[in-house]
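Below are the sequence and a predicted model for it; my questions follow.
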Amino acid sequence: MIDVKEALEIINHNLGSFGTEIVPLSKSIGRILKEEWRTDRDLPPYHRVTMDGIAISYEDFAKGQRTFEIEGVAAAGDPQKEKKKDGCCHEVMTGAILPLGCDTIIRYEDLSIEDSQASINLDVITKEQNVHFKGSDRSMGELVAKENTIISSAEIGLGASIGKSMVVVAKLPTAIVISTGNELVDIDQSPLAHQIRKSNIYRISTVLNSLGMSCDEAHLDDVKEVIKEKMQDYLEKYDIVLLSGGVSKGKFDFLPAVLDELGAEKLFHKIAQRPGKPFWFGKRNNCTIFAFPGNPVSSFICMHRYFVEWLGNSLGTSIRRPMYARLTDEVHFKPDLTYFLEVKISSSPNGEVLATPQKGNGSGDLANLVEADAIIQLPRGKNIYEKGEVHPIYFYK
Ligand code: AMP
Ligand code: MG
């Protein structure tokens, strides 16, 4: 049995590599950018008017002029206009190019306009006010998004403005999520007294979906020969195989032996943690295998703590930024194991992130996952975690 730290080291030494692909910008949300983006023009690309009103030359105002003849109108989308006569102004709309010969904008709110004459009702203005100058945000060719950025709506908007209709992103691995166990029936069936509905497969596959991945799903009864035959196929076909159940010490927990017989390399089996102790991790050729224990809370926590970290690092980024929270209650936990405790996260008026334990009934209590929204990682080697202690948290909602 190894420590959580060691398990993470092993996971991070056995990352996958899936290459890149080119996708339309509009389909790239949540994907990891595998190119750098530079602007193809200055941002903004011209001196942009930021208020509806008039454009003047500040020099005229400074000399005491307050009334200006309106010589023309510049709308957004018009080619640049030019102020031809001294002492005149142009009416300008937000988004228009600042007319040549003008440098300062006065808002309609600060004007009276009559008979094509605009009078400024202000004694003080600032030179160049209400103008967003060409290149003042970014100059042409400047780096605006680094490789390995996770593409959010903000990047999508930026990409559109610099003409990135297609983008290079990290290719996502192919995956299959497999439940095991004779007691499991499908979601739309009425279980008999000795059966339960399979739920892990939904919990696990929707975590993959939330990370932008799709996956196939399968179920295996606890029959060694069948497991072996099917697993042979799955290990060939997929980049990732995620299993739930069948990795503990029970008589019908065939997976470790089957994986061994199929030539898979066991990288670890069992971590000094609760829940999720029997987690088996390994690989065979290009396939990485996450065999989680069947208990719903165990598989869910292993998925969030280990799989999400492995996937992010395999793709070149940290999908979840590390966060920390302060325990609102004392926690007692005797075993010498890292304790992953379900917590409800809130924040205090003075800006602290608070974790309120939602202990539940252990690793089988799947209903308790709904009450919490994160797990807090409490280090082994202690029996009491005091109120106010700060520890890392992993959000799952
Ligand atoms: P196992 O790891 O196979 O010994 O399973 C441990 C516990 O988790 C047993 O009570 C199983 O019935 C339960 N379990 C296993 N797989 C699932 C699943 N897909 N959905 C819900 N519970 C499961
Ligand atoms: Mg089982």
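Okay, I see it. Ligands and ions are numbered 1, 2, ... in the order given.

for residue 337, what are its contacts?
Applying Cβ atoms under 8 Å, 6 or more residues apart in numbering to residue 337 gives the contacts 272, 273, 274, 277, 380. The C-beta positions use only the backbone N, C-alpha and C, and glycine is treated the same way.

what about the closest residue to the second one other than its chain neighbours, distance to ligand 2?
Translated: residue 273. Leaving aside its sequence neighbours, residue 273 sits nearest to residue 338 (Cβ to Cβ, 6 or more residues apart in numbering; 4.3 Å). According to Cβ to the ion, to the nearest Å, residue 338 and ligand 2 sit 24 Å apart.

I'd assumed residue 377 was in contact with residue 338.
Yes. Counting by Cβ atoms under 8 Å, residue 338 does reach residue 377; the two are 6.4 Å apart.

more crowded one of these two?
Between residue 338 and residue 377, counting by other Cβ atoms under 10 Å, residue 338 is the more crowded of the two (22 against 16).

Tell me which other helices or strands the lengthiest helix in the chain touches.
Assignment by DSSP state H gives helix 224-237 as the longest helix of the chain. Judged by 3 or more Cβ pairs under 8 Å, 6 or more residues apart in numbering; DSSP states H and E, helix 224-237 is in contact with strand 175-180, strand 216-220, strand 240-244, helix 255-261, strand 287-292.

hey, C-alpha coordinates of it in PDB?
Output in PDB follows, covering the C-alpha atoms of helix 224-237 (Å, rounded to 0.1, in the frame of the first residue of the first chain):
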ATOM      1  CA  LYS A 224     -13.600 -14.200 -15.000                       C
ATOM      2  CA  GLU A 225     -13.500 -15.700 -18.500                       C
ATOM      3  CA  VAL A 226     -16.000 -13.100 -19.800                       C
ATOM      4  CA  ILE A 227     -14.100 -10.300 -18.100                       C
ATOM      5  CA  LYS A 228     -10.800 -11.500 -19.600                       C
ATOM      6  CA  GLU A 229     -12.200 -11.800 -23.100                       C
ATOM      7  CA  LYS A 230     -13.900  -8.400 -23.100                       C
ATOM      8  CA  MET A 231     -11.000  -6.600 -21.400                       C
ATOM      9  CA  GLN A 232      -8.600  -7.900 -24.000                       C
ATOM     10  CA  ASP A 233     -10.600  -6.100 -26.600                       C
ATOM     11  CA  TYR A 234     -11.100  -2.900 -24.500                       C
ATOM     12  CA  LEU A 235      -7.400  -2.600 -23.700                       C
ATOM     13  CA  GLU A 236      -6.600  -2.700 -27.500                       C
ATOM     14  CA  LYS A 237      -9.300  -0.300 -28.500                       C
END
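
Just say which of the helices and strands packed on helix 224-237 is most tucked in.
strand 240-244 (a mean of 27; mean count of other Cβ atoms under 10 Å).

Report the strands that pair with that strand, each with its relative direction.
In the sheet, strand 240-244 lines up against strand 175-180 (parallel), strand 287-292 (parallel) (DSSP bridges).

Dump those strands to JSON lines, plus mean pLDDT and distance to residue 233.
What follows is the strands paired with strand 240-244, written out as JSON lines (pLDDT from 0 to 100; distance: least, Cβ to Cβ, whole Å):
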{"stretch": "strand 175-180", "mean pLDDT": "98", "distance to residue 233": "10"}
{"stretch": "strand 287-292", "mean pLDDT": "98", "distance to residue 233": "11"}
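
Need the ones you listed in JSON lines (columns: distance to ligand 2).
Putting the strands paired with strand 240-244 into JSON lines (distance: least, Cβ to the ion, whole Å) gives the following:
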{"stretch": "strand 175-180", "distance to ligand 2": "6"}
{"stretch": "strand 287-292", "distance to ligand 2": "11"}
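
picking that back up, can you pull the residues that touch both of residue 338 and residue 377?
Common neighbours of residue 338 and residue 377 (Cβ under 8 Å, 6+ apart) are residue 4.

thinking again about what came up before, determine which two of the contacts of residue 337 are furthest apart.
Based on Cβ to Cβ, the longest span within these runs between 277 and 380 and measures 11.8 Å.

In this protein, which residue sits closest to ligand 1?
residue 294 (2.5 Å; Cβ to the nearest ligand atom).

so that residue touches residue 252, yeah?
No. Contact criterion Cβ under 8 Å: residue 294 and residue 252 do not qualify, at 11.0 Å.

Next, show the common contact partners of these two.
residue 246.

Comparing these two, which residue is more hemmed in?
Using other Cβ under 10 Å, the more surrounded residue of residue 294 and residue 252 is residue 294, with 25 against 14.

Skip ahead from the top strand by length along the chain and say which helix or strand is next.
For the chain, the longest strand by residue count, based on DSSP state E, is strand 338-347. With elements assigned by DSSP states H and E, the helix or strand that comes after strand 338-347 is strand 353-357.

for the record, mean pLDDT for that next one?
For strand 353-357, mean pLDDT rounds to 98.

Pull up the residues of the stretch 201-350 of the chain that are close to ligand 2.
Within the stretch 201-350 of the chain, the residues that sit near ligand 2 (Cβ under 5 Å from the ion) are 245, 246, 294.

pretty sure the first one contacts residue 177?
No. Residue 245 sits out of contact with residue 177 when judged by Cβ under 8 Å, with a separation of 11.7 Å.

Count the residues that sit near whichever residue of the stretch 201-350 of the chain sits closest to ligand 2.
Relative to ligand 2, the nearest point of the stretch 201-350 of the chain is residue 245 (3.8 Å; Cβ to the ion). Residue 245 has 27 neighbouring residues, counting by other Cβ under 10 Å.

now the strands for the stretch 1-150 of the chain?
20-24, 37-38, 48-49, 53-56, 67-74, 88-92, 104-107, 111-114, 117-120, 131-132, 143-145 (DSSP state E, counting those that start in this stretch).

Mind putting the ones you listed into CSV with mean neighbour count and mean pLDDT?
Shown next, in CSV, are the strands of the stretch 1-150 of the chain (neighbours: other Cβ atoms under 10 Å; pLDDT from 0 to 100):
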stretch, mean neighbour count, mean pLDDT
strand 20-24, 13, 98
strand 37-38, 16, 98
strand 48-49, 22, 98
strand 53-56, 26, 98
strand 67-74, 17, 98
strand 88-92, 26, 98
strand 104-107, 22, 98
strand 111-114, 12, 98
strand 117-120, 17, 98
strand 131-132, 18, 98
strand 143-145, 16, 98
